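Enquirer: turn this into a model:
(one chain, ligands or ions: 1)
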Amino acid sequence: MRVLFIFLDGIGLGENDPATNPFAQAQMPNLNKLLDGRSLFKESAPFHGERATLLAVDPAVGVSGLPQSATGQAILVTGINIPAELGYHYGPKPNPDVAAYLKEATLFSRFTKEGKKAALLNAYPPRYFDGIDSGKRLYSSIPLAVTNAGLPLFRHEDLLAGRALSADFTGNGWRTMLGFTDAPMLDTQHAGQTLGTLAKEYDFSLFEYWASDYAGHKQQMETAVGLMETFDEVLGGLIEAWEDGLILITSDHGNMEDLSTRKHTNADVPALVIGDKTARDKFTQDMADLTEIAPAIWKTVMG
Ligand SMILES: [Zn+2]
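Expert: Sure, this is the predicted structure:
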């Protein structure tokens with residue numbers, strides 16, 4: 001069964017407090033519908049509903065210190081307790097020790113070896129590749145895992161051809177911030193439908209949304225509320241277009257759910273799984289920490 005993994009960077013399950021948590025302010029009717037009126041709060045998990053399951057998952061994996069992006073994302077795509085093996089959380093970009101785990105052990109490499117189709121659905125702009133080529137920019141763990149598997153990262157031409165999505169879902173950033181006046185503009189609903197349509201081409205696909213972690217570091221309540229409301233509209237379009245398979249929404253560590261700090265948090269992260277109940281129950285069985293996400297994806301896709 002296929003899996004679409006939507007990675008929301010820096011989203012933990014926090015308190016239902018409008019002063020610090022954007023989820024307590026954001027209007028998210030599509031999410032609420034999946035969770036029988038709940039939102040993504042600590043008090044909402046565990047939840048087992050008609051259309052979705054929500055669990056609280058520990059990203060600290062038994063290692064002291066605040067969880068970080070390089071190790072967190074590397075756990076998500078390998079299932080290996082890398083912080084325990086190294087003795088620390090690390091980020092935002094992988095150091096050589098973390099990068100060493102992102103070769104053969106990742107879902108992208110292993111699915112490709114098994115003849116399954118896998119992809120990262122984000123489109124990256126030319127300046128991203130310029131930064132990589134010049135050595136000024138390091139890959140994050142997820143794109144590093146993708147390129148190590150011999151899979152392409154999608155580019156400007158893929159965005160134009162409708163093979164990939166903009167990191168902000170709609171393409172607005174490509175036009176207003178990157179200056180690509182030819183970038184397709186999708187409304188949020190349509191962006192969600194596109195995500196669902198693209199995912200049908202693959203056994204395993206991942207979409208990476210990093211703006212949430214950024215808003216958390218900047219402690220920007222209004223921006224964060226807007227991002228989550230946009231995400232909710234995308235989710236509505238996606239669910240409409242979704243036919244079979246599981247949608248997984250999870251994160252690498254908390255951050256945006258507590259804007260009283262600009263740092264990451266020690267909160268559990270949500271594992272929100274949408275789709276067939278039997279498959280969901282199997283997927284979420286015994287899931288307690290972040291290392292159990294990748295094996296669950298593997299088993300679901302391999303059947
Ligand atoms: Zn961060």
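Enquirer: helix or strand next in line after the helix or strand of the chain at the bottom of the mean pLDDT ranking, which one?
Expert: Scoring the helices and strands of the chain by mean pLDDT, DSSP states H and E places helix 172-176 at the bottom, with a mean of 94. Once the chain leaves helix 172-176, the next helix or strand it forms, by DSSP states H and E, is helix 188-199.
Enquirer: just give me how far that next one sits from the chain centre.
Expert: Relative to its chain's centre, helix 188-199 lies at 15 Å (C-alpha atoms, centre = their mean, to the nearest Å).
Enquirer: mind giving me the packing neighbours of the host helix or strand of residue 146?
Expert: Assigning secondary structure by DSSP H and E places residue 146 in helix 141-148. Applying 3 or more C-beta pairs under 8 Å, 6 or more residues apart in numbering; DSSP states H and E, we find helix 141-148 packed against helix 69-78, helix 107-113, strand 118-120, strand 204-209. (C-beta placed from N, C-alpha, C; glycine too.)
Enquirer: phi, psi of the nearest residue to residue 286 once chain neighbours are set aside?
Expert: Excluding the flanking residues, the one nearest residue 286 by C-beta to C-beta, 6 or more residues apart in numbering is residue 292, at 6.9 Å. Phi and psi for residue 292, reported as degrees, to the nearest 10, are phi -90, psi 0.
Enquirer: in stretch 151-170, what counts as buried?
Expert: For stretch 151-170, a neighbour-count test (16 or more other C-beta atoms under 10 Å) marks 151, 153-156, 158-159, 163-170 as buried.
Enquirer: CA atoms of the helix or strand residue 159 falls within as PDB?
Expert: Assigned by DSSP H and E, residue 159 belongs to helix 156-160. C-alpha atoms of helix 156-160 as PDB (Å, rounded to 0.1, in the frame of the first residue of the first chain):
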ATOM      1  CA  HIS A 156      12.200  24.500 -11.800                       C
ATOM      2  CA  GLU A 157      11.300  22.500 -15.000                       C
ATOM      3  CA  ASP A 158       9.600  19.900 -12.900                       C
ATOM      4  CA  LEU A 159       7.500  22.600 -11.100                       C
ATOM      5  CA  LEU A 160       6.500  24.000 -14.500                       C
END
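Enquirer: mean confidence score for that helix?
Expert: Mean pLDDT, computed over helix 156-160, is 96.
Enquirer: can you list contacts of that helix?
Expert: 123, 125, 126, 164, 165, 166, 171, 174, 180, 182, 183, 184 (C-beta atoms under 8 Å, 6 or more residues apart in numbering).
Enquirer: could I get the full set of strands for the stretch 1-150 of the chain?
Expert: Applying DSSP state E, counting those that start in this stretch to the stretch 1-150 of the chain gives strands spanning 3-8, 47-48, 52-57, 118-120.
Enquirer: of all these, which lies closest to residue 300?
Expert: Residue 300 sits nearest to strand 3-8 of all the strands of the stretch 1-150 of the chain, at 5.4 Å, using C-beta to C-beta.
Enquirer: related to what we said a few turns ago, so which of the buried residues of stretch 151-170 are in helices?
Expert: 156, 158, 159 (DSSP state H).
Enquirer: burial of residue 259, as a residue count?
Expert: Residue 259: 21 surrounding residues under other C-beta atoms under 10 Å.
Enquirer: no wait, residue 213
Expert: Residue 213 sits with 23 neighbouring residues when counted by other C-beta under 10 Å.
Enquirer: could you do residue 85 as well?
Expert: Residue 85 has 12 neighbouring residues, counting by other C-beta under 10 Å.
Enquirer: distance of it relative to residue 67?
Expert: For residue 85, the distance to residue 67 equals 15 Å [C-beta to C-beta, to the nearest Å].
Enquirer: swap in residue 204?
Expert: From residue 204 to residue 67 the distance is 23 Å (C-beta to C-beta).
Enquirer: those two: which is more packed in?
Expert: Legend: neighbour count by other C-beta under 10 Å for residue 204 and residue 67, higher for residue 67 (29 against 23).
Enquirer: pretty sure the more buried one contacts residue 57?
Expert: No: look at residue 67 against residue 57 with C-beta atoms under 8 Å: they stay out of range, at 11.1 Å.
Enquirer: ok, back up a step: out of the helices and strands packed on helix 141-148, which gets nearest to residue 283?
Expert: strand 204-209 (13.1 Å).
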